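**Student:** Pasting the sequence and the predicted model now:
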Amino acid sequence: MIKPWEKYIEKNTYKKELLKIIADISENNLDAYALVKLQWYEKHYRIRKGKIRIVFIKEERWNKSCAVDTRWDIYKWLSY
């Protein structure tokens, strides 16, 4: 099953950069990015690429991407 944010990446002009960021998140290579912890979630972090936000869950041994969308729409995905 394809997640909605995967469809968003496929038709985005920053596709190559976003896929690299997603790969770095899953491999836990986060040193090159400015992480911002989301205040209302315990383990959720955000990476910004232009007007696009990537939100993921950061654990000690793994990371999981949750949502990729524009600045205004990203937080709608987190309310589900």
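**Tutor:** That came in fine, so what should we check first?
**Student:** nearest spatial neighbour of the residue positioned nearest the centre of the chain, skipping sequence neighbours?
**Tutor:** When CA atoms, centre = their mean is applied to the chain, the residue found nearest the centroid is residue 54 (2.2 Å). Leaving aside its chain neighbours, residue 54 sits nearest to residue 47 (4.7 Å; criterion: CB to CB, 6 or more residues apart in numbering). In short, each C-beta sits where N, CA and C put it, glycine included.
**Student:** And residue 65, by the same measure?
**Tutor:** residue 56 (4.7 Å).
**Student:** Checking my notes, the one you found in a strand, right?
**Tutor:** Yes: when classified by DSSP: H, G, I helix; E, B strand; the rest coil, residue 56 is found to be part of a strand.
**Student:** What's the local residue count around it?
**Tutor:** 22 (other CB atoms under 10 Å).
**Student:** Please apply the same query to residue 36.
**Tutor:** Number of residues near residue 36 (other CB under 10 Å) recorded here: 13.
**Student:** how far away is it from residue 14?
**Tutor:** According to CB to CB, to the nearest Å, residue 36 stands 18 Å off from residue 14.
**Student:** Ok, residue 24 next?
**Tutor:** Taking CB to CB as the measure, residue 24 and residue 14 are separated by 14 Å.
**Student:** mind listing what the closest residue to residue 63 other than its chain neighbours touches?
**Tutor:** Nearest residue to residue 63, sequence neighbours excluded (CB to CB, 6+ apart): residue 25, at 4.9 Å. Applying CB atoms under 8 Å, 6 or more residues apart in numbering to residue 25 gives the contacts 47, 54, 56, 63, 65.
**Student:** Confirm the last one sits in a strand?
**Tutor:** Right, residue 65. Yes: assessed with three-state DSSP, residue 65 lies in a strand.
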